[in-house]
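# with the input below, show me the fold.
(2 chains)
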Amino acid sequence: DAGVIQSPRHEVTEMGQEVTLRCKPISGHNSLFWYRQTMMRGLELLIYFNNNVPIDDSGMPEDRFSAKMPNASFSTLKIQPSEPRDSAVYFCASSLRWTEAFFGQGTRLTVV
Amino acid sequence: EDKVVQSPLSLVVHEGDTVTLNCSYEVTNFRSLLWYKQEKKAPTFLFMLTSSGIEKKSGRLSSILDKKELFSILNITATQTGDSAVYLCAGIIQGAQKLVFGQGTRLTINP
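Below is the predicted model:
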């Protein structure tokens, strides 16, 4: 298996633009997590899905953030409109129930 | 609120030293604790600990969980420069199947 695949790897966008981050989890995994990592706040859980259903989105910072998982092999995290303080590395991770989570390589987002 | 706290936040040692990294947790419905190593990119999995008092080992790394005192330690013996990384621990919440991460310990090994 290729592991968790995220795209794009890097994104630079202007303030106010819409940003969409994509994730393909490991085949057969039933949980998917979106994390944001910054120097100041470390690794923060934004939202996670179990069997494609959003379970906990309490970490989503604002209404500007939204996430979807239309099927077991694909998820998106959207920021609209983006702001400079959204600049961070966004990780997607997947796991089987009760096991360790495997992380994608991350998307480094820079909003200027 | 579920919380995982790691200490120290930063540690600098010389190659060959032994280090102990700490992780304490306050997690409702705790199930397991995970350790990850993060170098320049994504965190990579090291250990999952579910039972108290059973040491897990992988080469020079070992870890143990104390569910009574709510903490875990990660030991690295005979450190090498390649061990330099941020080490993260995370608690798994039973039922919610959610990972709560600590802020990490940045370990630097000087030659």
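# show me the beta-bridge partners of the nearest residue to residue B:65 once chain neighbours are set aside.
Using CB to CB, 6 or more residues apart in numbering or on different chains and skipping the chain neighbours, the partner closest in space to residue B:65 is residue B:49 (3.9 Å). For the C-beta atoms, the positions are set from N, CA and C on the backbone; glycine is no exception. Applying DSSP bridges to residue B:49 gives these bridge partners: residue B:33.
# residue closest to the middle of chain A?
Centroid-nearest residue in chain A: residue A:34, 3.4 Å away (criterion: CA atoms, centre = their mean).
# what residues are up against it?
Listed by CB atoms under 8 Å, 6 or more residues apart in numbering or on different chains, the contact set of residue A:34 reads A:23, A:45, A:46, A:47, A:48, A:67, A:75, A:77, A:90, A:91, A:92.
# what's the closest of those residues to residue B:43?
Proximity of the contacts of residue A:34 to residue B:43 (CB to CB) peaks at residue A:91, which lies at 7.7 Å.
# confirm that closest one sits in a helix?
No: under DSSP: H, G, I helix; E, B strand; the rest coil, residue A:91 sits outside any helix and is assigned strand.
# so which of the contacts of residue A:34 wins on neighbours?
When neighbours are taken as other CB atoms under 10 Å in any protein chain shown, the top entry among the contacts of residue A:34 is residue A:92 (30 neighbours).
# look up which residues are beta-bridged to that residue.
In this entry, residue A:92 is beta-bridged to residue A:34, by DSSP bridges.
# surely it is in contact with residue A:23?
Yes: in this structure, residue A:92 is within contact of residue A:23 by CB atoms under 8 Å, at 3.4 Å.
# common neighbours of these two, please.
By CB under 8 Å, 6+ apart, the residues touching both residue A:92 and residue A:23 are A:4, A:6, A:32, A:34, A:75, A:77, A:104.
# kindly reformat those as TSV containing secondary structure and pLDDT.
Conversion of the shared contacts of residue A:92 and residue A:23 to TSV gives the following (DSSP: H, G, I helix; E, B strand; the rest coil; pLDDT from 0 to 100):
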residue	secondary structure	pLDDT
A:4	coil	96
A:6	strand	97
A:32	strand	94
A:34	strand	96
A:75	strand	98
A:77	strand	98
A:104	coil	96
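# and residue 77, what does it touch?
I'll assume chain A. Shown in contact with residue A:77 (CB under 8 Å, 6+ apart): A:20, A:21, A:23, A:34, A:46, A:47, A:65, A:66, A:67, A:90, A:92.
# try chain B instead
Residues near residue B:77 by CB under 8 Å, 6+ apart: B:18, B:60, B:62.
# pLDDT score assigned to it?
Looking at residue B:77, its pLDDT is 97.
# dihedrals phi and psi, it?
phi -100, psi 160 (degrees, to the nearest 10).
# thanks a lot, catch you later.
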